[in-house]
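Engineer: Please work out how this folds:
(chains A and B)
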Amino acid sequence: MKKYNQSDLLITGLGVTSAIGQGKAAFTSALMKGQHNFGIMRRPGRQKETSFLGAEIPSLSYPERLS
Amino acid sequence: MLRTASFSGQVGLITILEAWEEAKLDKADPSRIGLVIGGSNFQQRDMVQMHEAYADRVHFVRPTYGLTFMDSDLVGLCTEQFGIKGISYTLGGASASGQLAIIQAIQAVQSGQVDICIAMGALMDVSYWECQAFRSLGAMGSDRFADEPEKACRPFDRERDGFIYGESCGAVVIERTESAISRQITPYAIITGWAVGMDASRNPHPSYEGEVQVIKKALEQAKLSPHQIDYVNPHGTGSLVGDEIEIKAIVDCQLSNAAINATKSITGHGLSSSGAVEVIATLLQMKESRLHPTRNLESPIEESCNWVRDQSITHHVKHALSLNIGFGGINTAICFYKI
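Structural biologist: You can find the predicted model right below:
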């Protein structure tokens, strides 16, 4: 921390959940490989008469602290 | 808590927890922690499902709908889970919501309202109503690629025809060195400049002047000349007009030499979350000294830019610029510096 001035505004934590991965490790890995999850959206309430393309989160893993 | 939360709420809790633990916020004073949630109308799909389920029996509507239909439900849910007692509110800025939340969080720390502020770009859980309206508006991509969905999302490519939605949520913790030092955190980067500028226009098309204005303001605040920027993370949705205007602004601001890719080509467009998720993508790429590819960029609309195309590349980034644009004429820009 010696290289930073006391008043610098810092980013000290990140969290991400997305269609290409839950958490930074999975997200970064997919980003670098260009791994997408595009397809016809299947979640209830996203289709009626027609369907739409998109990328949906495949499944959520619930950390113990939130259970 | 998770059992009664909406999908946006569940994803928000999981996402904040990751940022919370990395920043070791259990060691911080909860009365000095804030949370700004970027976005609005988070639970449209839930609402459609509920309206359909209770259409013929309105008297039996789930009483908790009185809580969950309001965006502030995410505020209550997340502050209760983490015991946050500083400030918290939601902030609507359409597709610029995530970056607007980050800028508000910066200002909350700067002004001393709190010592630490989490900015979240929340998941906007759209229903078929929003999807159809976006498509009819010409903003969302058509069904031209229905048989080849992997080809549909193509920011900055000549064959693009609109954005493709992608579920996501991002959380970013912001504080000063003096606050972080006691918890022995290794920061990702310093925030050196930021800007918000309005087009004074309800038109969904972005404005060239608005884009140029925020890029110049953010660089000025960061005390940077354009050639010092190593990497630009653009808004880049794949919209016909938006991409043209944004890339012209980037080129005219003399940023053509900076490496550029489009995160949405891989994630899709998270709407309210996209600004935060793309800041996270920017910071993770800076950390890795590696830039991700841009999918489907086969024929760029601007050849003079330094595109990262179909393969990731090694690239040391000292100064990065992240851009967002939102309906309502909202433009945002943030500069980051990695020591």
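Engineer: where do the helices sit along chain A?
Structural biologist: In chain A, the helices defined using DSSP state H lie at A:24-33.
Engineer: Just give the nearest non-adjacent residue to A:R46, would you?
Structural biologist: B:Y128 (5.6 Å; C-beta to C-beta, 6 or more residues apart in numbering or on different chains). Where you see a C-beta, it was placed from the backbone N, CA and C, and this is true even at glycine.
Engineer: Now do the contacts for B:H227.
Structural biologist: B:Q254, B:N257 (C-beta atoms under 8 Å, 6 or more residues apart in numbering or on different chains).
Engineer: quick one, strands of chain A?
Structural biologist: In chain A, the strands defined using DSSP state E lie at A:9-18, A:21-22, A:38-40, A:53-55.
Engineer: Tell me how far the shortest one lies from the chain's centre.
Structural biologist: In other words, strand A:21-22. What separates the centre of strand A:21-22 from the centre of its chain is 5 Å, taken as C-alpha atoms, centre = their mean, to the nearest Å.
Engineer: what's the nearest residue to B:S97 if we skip its chain neighbours?
Structural biologist: B:G38 (3.6 Å).
Engineer: same thing with A:Q35?
Structural biologist: A:I20 (6.0 Å).
Engineer: quick one: that neighbour and B:K264 touch, right?
Structural biologist: No - if you go by C-beta atoms under 8 Å, A:I20 and B:K264 don't touch, sitting 11.3 Å apart.
Engineer: Tell me which of those two has more neighbours.
Structural biologist: B:K264 (30 against 25; other C-beta atoms under 10 Å in any protein chain shown).
Engineer: what sits against the more buried one?
Structural biologist: B:C153, B:P155, B:F163, B:I164, B:G166, B:G236, B:T237, B:G238, B:S274, B:E278.
Engineer: try it again with 10 Å
Structural biologist: B:K264 is in contact with A:55, B:95, B:153-155, B:163-166, B:168, B:234-238, B:270, B:274, B:277-278, B:281, B:294-295, counting by C-beta atoms under 10 Å, 6 or more residues apart in numbering or on different chains.
Engineer: And it, how far from B:V114?
Structural biologist: Distance of B:K264 to B:V114, given as C-beta to C-beta, to the nearest Å: 31 Å.
Engineer: and if you look at A:P44?
Structural biologist: 38 Å.
Engineer: So which of those two has more stuff around it?
Structural biologist: B:V114 (26 against 11).
Engineer: you'd agree that one is in a strand?
Structural biologist: No - counting by DSSP: H, G, I helix; E, B strand; the rest coil, one finds B:V114 to be coil, located in no strand.
Engineer: Surely it touches B:I84?
Structural biologist: Yes - because the distance of 9.2 Å satisfies C-beta atoms under 10 Å, B:V114 is recorded as touching B:I84.
Engineer: one step back: return the distance of the residue nearest to B:S97 relative to B:V114.
Structural biologist: Taking C-beta to C-beta, one finds B:G38 at 17 Å from B:V114.
Engineer: could you pull out the strands for the stretch 1-150 of chain B?
Structural biologist: B:33-38, B:88-91, B:116-121 (DSSP state E, counting those that start in this stretch).
Engineer: Tell me which of the ones you listed is the most buried.
Structural biologist: strand B:116-121 (a mean of 31; mean count of other C-beta atoms under 10 Å in any protein chain shown).
Engineer: and that strand, which strands flank it?
Structural biologist: Sheet pairing here is set by DSSP bridges, and for strand B:116-121 it gives strand B:33-38 (parallel), strand B:168-176 (antiparallel).
Engineer: Quick check, A:P44 in contact with A:E56.
Structural biologist: No - judged on C-beta under 10 Å, A:P44 makes no contact with A:E56 at a distance of 11.3 Å.
Engineer: Lowest-scoring secondary structure element of chain B by mean pLDDT?
Structural biologist: helix B:65-68 (a mean of 88; mean pLDDT, DSSP states H and E).
Engineer: Only the buried residues of the helix or strand that contains B:V214, if you could.
Structural biologist: Element membership of B:V214 [criterion: DSSP states H and E] is helix B:208-221. Neighbour-count burial for helix B:208-221, with 16 or more other C-beta atoms under 10 Å in any protein chain shown as criterion, is recorded at B:G210, B:E211, B:V212, B:Q213, B:V214, B:I215, B:K216, B:K217, B:A218, B:L219, B:Q221.
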